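Undergrad: Pasting a predicted model and its sequence here:
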Amino acid sequence: MSTRTFVIGDVHGCALTLQHLLFKVVRLRHSDKVYLLGDLIDRGPRSKEVLDTILRLQSAGYSINSVKGNHEAMLLNACSNRDEFFMWLENGGDATLRSFDVEDACEIPLPYRKFLESLPYYILLDGFVLCHAGINCNAAAPFHDTHSMLWGRNLPAIPERIGERRVICGHTVHSLSEITESLGTTRISLDAGCVFKERGALGNLVALETGTMTIYHSVNMDN
């Protein structure tokens, strides 16, 4: 059975939607490879369940990995810096605390925090670099600018600066039609605003199968 490679946009605590996309829409196989673009947590109601789904699949032998998003970084910083804690809360961290039934970032069980800490800023594939927000291709050393990988907006992708690869990222929300249009460019954006179901053209979780450049999606099933 041939190996398929899927890249999935920002989940933001939408565990039911992620499970539906994996098991009902793309019908995940053990031979598949799955990559997530970060922002697994916050805003949506089931951040713990999202992480549990990923960890359970890894334990079952599936190839599923994620890069680190700015929301994972905010949670990790919130545990040691009170200013960061309040900023995280204002950006959806309160939903993550509720999903773990705790009141402080440091009360989230250590195995979950270690998992988030272990996530890389980027992953290199043949022809693509995966990161959360984008690559600063104008930097002297693009792969060293981790702040841009977490927080950048609409950074132009210049393949010759990053090993003749195109960028696949999330972070900035787009409609399904805009995501489809980006497939022919050097910067493919896969954040379909899953958690923002109330905003007309958003409210979808997207997976890109890189071998055929096919988009799959599931509407938000969590909110």
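TA: Perfect, thanks for sending it.
Undergrad: Which elements pack onto the helix or strand bottoming out on mean pLDDT in the chain?
TA: Here the helix or strand of the chain ranked lowest by mean pLDDT, DSSP states H and E is helix 82-88, holding a mean of 94. Applying 3 or more CB pairs under 8 Å, 6 or more residues apart in numbering; DSSP states H and E, one finds that helix 82-88 makes contact with helix 70-78. Yep, even glycine has a C-beta here, placed from its N, CA and C like the rest.
Undergrad: State the distance from the nearest residue to residue 43 once chain neighbours are set aside to residue 75.
TA: Spatial nearest neighbour of residue 43, excluding adjacent residues (CB to CB, 6 or more residues apart in numbering): residue 92 at 3.6 Å. According to CB to CB, to the nearest Å, residue 92 stands 10 Å off from residue 75.
Undergrad: overlap in contacts of these two?
TA: By CB atoms under 8 Å, 6 or more residues apart in numbering, residue 92 and residue 75 have these common neighbours: residue 42.
Undergrad: Would you mind listing the residues in contact with residue 69?
TA: Residue 69 neighbours (CB under 8 Å, 6+ apart): 10, 37-40, 132-133, 150, 170-171.
Undergrad: Pass me the low-pLDDT residue ranges in the protein, would you?
TA: 1 (pLDDT under 70).
Undergrad: Who are the packing partners of the helix ranked longest in the chain?
TA: The longest helix of the chain (DSSP state H) is helix 47-59. Packing contacts for helix 47-59, counted by 3+ CB pairs under 8 Å, 6+ apart, involve helix 15-20, strand 63-66, helix 94-100, helix 110-118.
Undergrad: What lies in contact with the shortest one?
TA: Here strand 63-66 makes contact (CB under 8 Å, 6+ apart) with 32-38, 40, 54, 57-58, 119, 123.
Undergrad: List only buried entries from those residues.
TA: Those of those that meet the buried threshold are 32, 34-38, 40, 54, 57, 119, 123, by 16 or more other CB atoms under 10 Å.
Undergrad: Narrow those to those in helices?
TA: Of the buried ones among the contacts of strand 63-66, the ones assigned to helices by DSSP H are 54, 57.
Undergrad: closest to residue 193 among the buried ones among the contacts of strand 63-66?
TA: Residue 193 lies nearest to residue 37 out of the buried ones among the contacts of strand 63-66, by CB to CB, at 13.1 Å.
Undergrad: Nearest spatial neighbour of that closest one, chain-adjacent residues omitted?
TA: Once flanking residues are discounted, residue 37 sits nearest to residue 170: 3.9 Å by CB to CB, 6+ apart.
Undergrad: how about that neighbour, what does it touch?
TA: Here residue 170 is in contact with 9-10, 37-39, 69, 132-133, 189-191 (CB under 8 Å, 6+ apart).
Undergrad: one step back: the residue nearest to residue 43 reaches residue 39, doesn't it?
TA: No. Using CB atoms under 8 Å, residue 92 makes no contact with residue 39, being 9.3 Å away.
Undergrad: joint contacts of these two?
TA: Counting by CB under 8 Å, 6+ apart, the shared contacts of residue 92 and residue 39 are 12, 71.
Undergrad: neighbouring contacts of stretch 72-89?
TA: Defining contact as CB under 8 Å, 6+ apart, one finds that stretch 72-89 is touched by 38-42, 71, 91, 93, 96-97, 104-106, 108, 113, 116-117, 119, 150.
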